[in-house]
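1. Here's my sequence, what's the structure:
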Amino acid sequence: MQHTLVTLVEDRPGVLNRVASLFRRRGFNIESLTVGHSEIPGVSRMTMVIDSTPQNIERLIQYLYKLVNVIKVDDLTNESTMMRNLAMIKVSANDKRRMEIMQLVEIFRARIVDVANDSLIIEITGADEKIDGFVDVLRPFGIIEMVRTGVIAMARGSSAAMSMVNQETVLVAQVN
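-> Numbers count the residues shown, from 1 in each chain. Model prediction:
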């Protein structure tokens, strides 16, 4: 079963390496990993998708809390969440096929972010299934290059699990 973990960590050099090393040492495979700044200065938010049993995920969360720079860990698997992925796809687009591609872009609610004489770069966000479907319909046109982010996730509603972390918690963690 795939589990989505959201972890708040101190924004310091080496933290990502320590988290990834923990996964490696414990034999967990990270299906998706996305890291970026959070709303709290000095704190980064890691979203990880891991395929494992609930018991192993509980153990993994305990291991994560043992890392010095980890502030908070939440398993959003059973929460009501919004999950998104981002892809940029460069597709071959000659004059004959450009309008057809533009219609597909509109159908999938994507957007064209760059136009060249012989190609288009398209940006699309959404669930993995939506992006996979879009990639499948673009393949016959000739995908030149593609890049995808990992999953980002956020619990719905104002009482999100991560909102329990406040500035004092972060300051205490950074002092230790």
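
2. Could you say whether the closest residue to L67 other than its chain neighbours sits in a helix, a strand or coil?
-> Leaving aside its chain neighbours, L67 sits nearest to R18 (5.6 Å; criterion: CB to CB, 6 or more residues apart in numbering). All C-beta spots, glycine's among them, are computed from the backbone N, C-alpha and C. State at R18, reduced to three classes by DSSP: H, G, I helix; E, B strand; the rest coil: helix.

3. Tell me, how many residues neighbour R18?
-> 15 (other CB atoms under 10 Å).

4. Quick check: it touching K66?
-> No. Judged on CB atoms under 8 Å, R18 makes no contact with K66 at a distance of 10.5 Å.

5. So which residues of the chain form strands?
-> Ranges of strands in the chain, per DSSP state E, are 2-10, 30-37, 43-51, 70-75, 81-92, 111-115, 119-126, 143-148, 152-155.

6. right, so of the ones you listed, which gets closest to F134?
-> strand 119-126 (5.5 Å; CB to CB).

7. what does that closest one rub up against?
-> Contact with strand 119-126 is made by 84-93, 98, 101-102, 105, 108-115, 130-131, 134, 138, 144, as judged by CB atoms under 8 Å, 6 or more residues apart in numbering.
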